[in-house]
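**Student:** this one's sequence-less:
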């Protein structure tokens, strides 16, 4: 029985109880008007029955909301875990001396994991990132092309961020400014190493 049909069933049952209780109460008042104690018992039974039905309806709704909340939390955990795995893989690959076709295949297989949890925007940006990686790794390294790689990775990171926490609502920074900050932060330390 679905949640909606259970709610309708409980609502109808409560309504039936209320109507039949009212009809019985009217009858009991007429029959037992000389014995007020009987009228009070009828009121107690009617109130108890209505309370039980309303309480079961509320508990049913509360349970459904808690289950839905738990599913959302698990989905967010799965999503962030997969994104973390992707970023760890990209970090590992960026440290390689030679970037071979095997690494491209690993990145392509990562798109299957992303397809399970990622938003269409992340999937689209990941495809753009793969295109950039394919172009700049033609010589089996990222030498001289790190700026292009960081730009593509910054765009991908912004999309991942939006997928996890939602659209950017900061009045101070636009999506383009955030993308540029990520790119600058990822290249800042490299230029510091070069100056030494």
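**Tutor:** Nice, thanks for sending it over. The structure presented is a predicted model; accordingly, all values stated were derived computationally and were not measured.
**Student:** Without its sequence neighbours, what residue ends up closest to residue 159?
**Tutor:** Nearest non-adjacent residue to residue 159, counting by Cβ to Cβ, 6 or more residues apart in numbering: residue 125, 4.2 Å away. (Each C-beta comes from the backbone N, C-alpha and C, glycine too.)
**Student:** Tell me who's in contact with the one you found.
**Tutor:** 155, 156, 159 (Cβ atoms under 8 Å, 6 or more residues apart in numbering).
**Student:** cool, and residue 115?
**Tutor:** By Cβ under 8 Å, 6+ apart, the contact set of residue 115 is residue 123.
**Student:** can we see that at 10 Å?
**Tutor:** Contacts for residue 115 were tallied using Cβ atoms under 10 Å, 6 or more residues apart in numbering; they are 122, 123, 126.
**Student:** Spell out the residue ranges of the helices in the protein.
**Tutor:** Counting by DSSP state H, the segments of the chain that form helices are 3-31, 36-94, 101-117, 120-136, 146-165, 175-195.
**Student:** Skipping adjacent residues, who's closest to residue 140 in space?
**Tutor:** Spatial nearest neighbour of residue 140, excluding adjacent residues (Cβ to Cβ, 6+ apart): residue 98 at 5.0 Å.
**Student:** hmm, back to that, want to throw the helices of the chain into JSON lines with mean pLDDT?
**Tutor:** JSON lines is the format used below for the helices of the chain (pLDDT from 0 to 100):
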{"stretch": "helix 3-31", "mean pLDDT": "78"}
{"stretch": "helix 36-94", "mean pLDDT": "83"}
{"stretch": "helix 101-117", "mean pLDDT": "87"}
{"stretch": "helix 120-136", "mean pLDDT": "89"}
{"stretch": "helix 146-165", "mean pLDDT": "85"}
{"stretch": "helix 175-195", "mean pLDDT": "62"}
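**Student:** Most tightly packed of the ones you listed?
**Tutor:** Of all those, helix 146-165 carries the top mean neighbour count, a mean of 19, counting by mean count of other Cβ atoms under 10 Å.
**Student:** tell me which strands and helices that helix is in contact with?
**Tutor:** Helices and strands touching helix 146-165, by 3 or more Cβ pairs under 10 Å, 6 or more residues apart in numbering; DSSP states H and E, are helix 36-94, helix 101-117, helix 120-136, helix 175-195.
**Student:** Number of residues surrounding the residue nearest to residue 140?
**Tutor:** Other residues near residue 98 come to 9 when the count uses other Cβ atoms under 10 Å.
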